[in-house]
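starting from these lines, generate the structure:
(one chain, ligands or ions: 1)
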Amino acid sequence: MTATIRAEQTAVFPRFLDLAYPSIERGEGVWLFTTDGRRILDACSGGAMTSCLGYGVVEVINAAAAQANEIAYYYNHHFTNRPQEELAERLVTEVAPEMARVKFTSGGSEANEAAIRLARAYHVERGQPQRWRVISPAQAYHGSTFGTLALSGRRRSLQQPYEKYLPDYVHIPPATPRLDPTGDRALAELDSLLENVGPDSISAFFCEPVSAAALPAYSPPTQFWEGLKERARRYGFLICFDEIVSGMGRVGRWLAAHELPLDPDIVTIGKGLGAGYAPLAAVLCRQHVFDAIAGGSREFDLGHTWDGAPLPCAVGLAVLDVIHERRLVERVRERGWSIHGMDVPSCRMSWMRRHRWRTSRSAWTCWSARRIPRRTATPGTKSCSRLPTRAAMPSSARWSSGLPRRSRASSARSFNSLGDNPSPRRADRDHH
Ligand SMILES: Cc1ncc(COP(=O)(O)O)c(C=O)c1O
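Numbers count the residues shown, from 1 in each chain. Predicted coordinates:
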C-alpha cells in the first residue's frame, strides 16, 4: 500500500479531496507508525481527543477479544446483556452518582441527538408539548447530525448548504474572558432571548461545560452558571451538558460538571469512554427526567443499531478499569496544575518551531492548560505531533485555508463578533 494516499488513488471518499493522507499501520503507546515506517508522536489523542489511554493497551484489547468470543453484538430492542448492564451501573455509581439512568449510543452526535430528544420527551410527558426550542451558546460544536449541527450556532462554514434541514434553535454569545468576563452580557442576552421567543417554548439549554475544539477550553464564569441555574429553575427548562470530550476524567474530574455550581439534568459522554477501542458514547439523565417517562408513556424509543451492544460496552468496562488502575483522573488533576504553571504559549511556540507542530488538537491542550486552571490536560495527553504539515499540503487543503477565501472571511466574521476565539478560522474547520 502506498504510504500517502491522495483522493485519486483510493475508493475511499476522503474528507478533504486535496489532502494527501499518510496511511497509519499501527499504534503503540503515544506513537503512530505509518506504512512507510515513519514514527509519529500523537499529541492529540487519536486526532479527535479520543484515544486517551494511548494505543495497544493490552487489558482493553483482551477484554474486547474475550467479549467478541462470547458475543459481540445483539440488538438491544428485546434483549439486554451483561456488559451493558454493568457499564450503566458503574457509570451511575463511579462516574456520575448524581445521574440515574444511562442510554448507550455509538458516538457523540448520536448521544447529543438522544439528549435533545430526551429533553423534548420529558416536557411532552409532563404535558408541555409547546417546549421544543433549544438554546445554545454560539460558537459550539455538538455533532454532525442535523439536530446537533443546529446547536453550533451560526457557524455557516459547517452548516452550509444544509441550513434548510436545521431546526430553528436560538443562541447566545459565549461569555469569553475578554468580551464578557462576568457573564453579565451573556445572561442579558439569555433574558432578552427568553422574552422574545417565550420561555414556555424552551426545552433545554445545551452547552459544553468546558468547550473542546469550537472555542478551545472556554468555560463561562461562575456568575453565568449561577444565573443560568436560576433561570432554568424559574422558567422550567432543562440543562444538558455535552461532555463528549470533557467527560470521563479529561479535566481532572469524572465530569467537568462536578466543578460547577449547577447540576445538569442530562449529560452526554463519549470519546474517552471507548478510548478509541470501540465506538461508544452515552446519554445520562437524573431521576426526575427518567420519572417523567416512567410515569408517562413508558417509552423512549428510537435508537441506533449498535446502542448498548456487548462488544463496545465490554470495552467501556475495561477502559474504566484502566482509568482507575492508573489513577488517571487524579493524575490529570495533579499534573494539570504543573502544566498551568509552565509558560505554555512560549513552550508551544518553541515546539512548533522545532517540530512543525501544526495540529489544532495540540493547541487545544495548550489553550486548556493556559486558560482553565484545575481543569486542564487530558488523560493520555502527550506532547506533540507531526501529522500532515502545512508544507506537505497543497495550499487549498491547509487547516487554516481550506475554505474558499470568501466563505472563510464571512464565517470568521459571523462568529468572531460573538467571542474571542484565539483562532476562529481553525476552530471552524477543525471541529472534532
Ligand atoms: C464536544 C463534542 N460534542 C459532540 C461531538 C460529536 O461526536 P461524534 O463525532 O462522535 O459524533 C464532538 C466531536 O468532536 C465534540 O467535540
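
does the spatially closest residue to residue 67 that is not a sequence neighbour count as helix, strand or coil?
Leaving aside its sequence neighbours, residue 67 sits nearest to residue 314 (Cβ to Cβ, 6 or more residues apart in numbering; 3.5 Å). Heads up, the C-betas are built off the backbone N, CA and C, glycines and all. The three-state assignment at residue 314 reads helix, by DSSP: H, G, I helix; E, B strand; the rest coil.

for the ligand, what's its nearest residue on the stretch 201-350 of the chain.
When distances are taken as Cβ to the nearest ligand atom, the stretch 201-350 of the chain reaches nearest to the ligand at residue 244, 3.7 Å away.

coming back round to it: contact partners for the residue nearest to residue 67?
63, 64, 66, 67, 83 (Cβ atoms under 8 Å, 6 or more residues apart in numbering).

can I get whichever strand or helix holds the first one as PDB, trimmed to CA atoms?
Per DSSP states H and E, residue 63 falls inside helix 58-70. Included here for helix 58-70 are C-alpha records, laid out as PDB according to Å, rounded to 0.1, in the frame of the first residue of the first chain:
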ATOM      1  CA  VAL A  58      -3.500  -4.900  26.500                       C
ATOM      2  CA  GLU A  59      -6.200  -5.000  29.100                       C
ATOM      3  CA  VAL A  60      -8.700  -3.300  26.800                       C
ATOM      4  CA  ILE A  61      -7.700  -5.400  23.800                       C
ATOM      5  CA  ASN A  62      -8.000  -8.600  25.800                       C
ATOM      6  CA  ALA A  63     -11.400  -7.600  27.100                       C
ATOM      7  CA  ALA A  64     -12.600  -6.900  23.600                       C
ATOM      8  CA  ALA A  65     -11.300 -10.200  22.300                       C
ATOM      9  CA  ALA A  66     -12.900 -12.100  25.200                       C
ATOM     10  CA  GLN A  67     -16.300 -10.400  24.600                       C
ATOM     11  CA  ALA A  68     -16.200 -11.000  20.900                       C
ATOM     12  CA  ASN A  69     -15.500 -14.600  21.600                       C
ATOM     13  CA  GLU A  70     -18.700 -14.700  23.800                       C
END
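
which strands and helices sit next to the helix or strand residue 336 falls within?
Assigned by DSSP H and E, residue 336 falls within helix 328-341. When contacts are defined as 3 or more Cβ pairs under 8 Å, 6 or more residues apart in numbering; DSSP states H and E, helix 328-341 sits against helix 360-371.

now do the helix or strand where residue 192 lies: distance to the chain's middle.
Per DSSP H and E, residue 192 falls inside helix 184-197. A distance of 25 Å separates the centroid of the chain from that of helix 184-197, by Cα atoms, centre = their mean, to the nearest Å.

what mean pLDDT does that helix get?
Averaging the model's pLDDT scores along helix 184-197 yields 97.

how about stretch 26-43?
96.

cool, and stretch 319-332?
On average, stretch 319-332 scores 97.

pull out the buried residues from that stretch.
319, 320, 322, 323, 328, 329, 332 (16 or more other Cβ atoms under 10 Å).

what of stretch 226-236?
Quick answer for stretch 226-236 (16+ other Cβ under 10 Å): 227, 228, 229, 231, 232.

which parts of the stretch 101-250 of the chain sit against the ligand?
107-109, 112, 141-143, 208, 212-213, 242, 244-245 (Cβ under 6 Å from any ligand atom).

if you set the cut-off to 8 Å instead, what comes out?
With Cβ under 8 Å from any ligand atom as the criterion, the stretch 101-250 of the chain meets the ligand at residues 106-112, 140-145, 148, 208, 211-214, 242-246.

which of the residues you listed fall within strands?
Here DSSP state E is the test, and those give 242, 243 as lying in strands.

picking that back up, let me see the confidence value for the residue nearest to residue 67.
99.

next: residue 246.
Reported pLDDT for residue 246: 97.

one more: residue 222?
96.

which residue packs closest to it, ignoring adjacent ones?
residue 261 (6.0 Å).

please name the residues that touch the closest residue to the ligand within the chain.
Closest residue of the chain to the ligand, Cβ to the nearest ligand atom: residue 108 (2.3 Å). By Cβ under 8 Å, 6+ apart, the residues touching residue 108 are 142, 143, 242, 244, 245, 268, 270, 271, 281.

farthest-separated two in these?
Largest separation among the contacts of residue 108 by Cβ to Cβ: 142 and 271, giving 13.0 Å.

now for residue 185: which residues touch it?
173, 175, 179 are the contacts of residue 185 under Cβ under 8 Å, 6+ apart.

can you select the buried ones from those residues in ChimeraX?
A single ChimeraX command selects the buried members of the contacts of residue 185 (16+ other Cβ under 10 Å):
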select :173,175
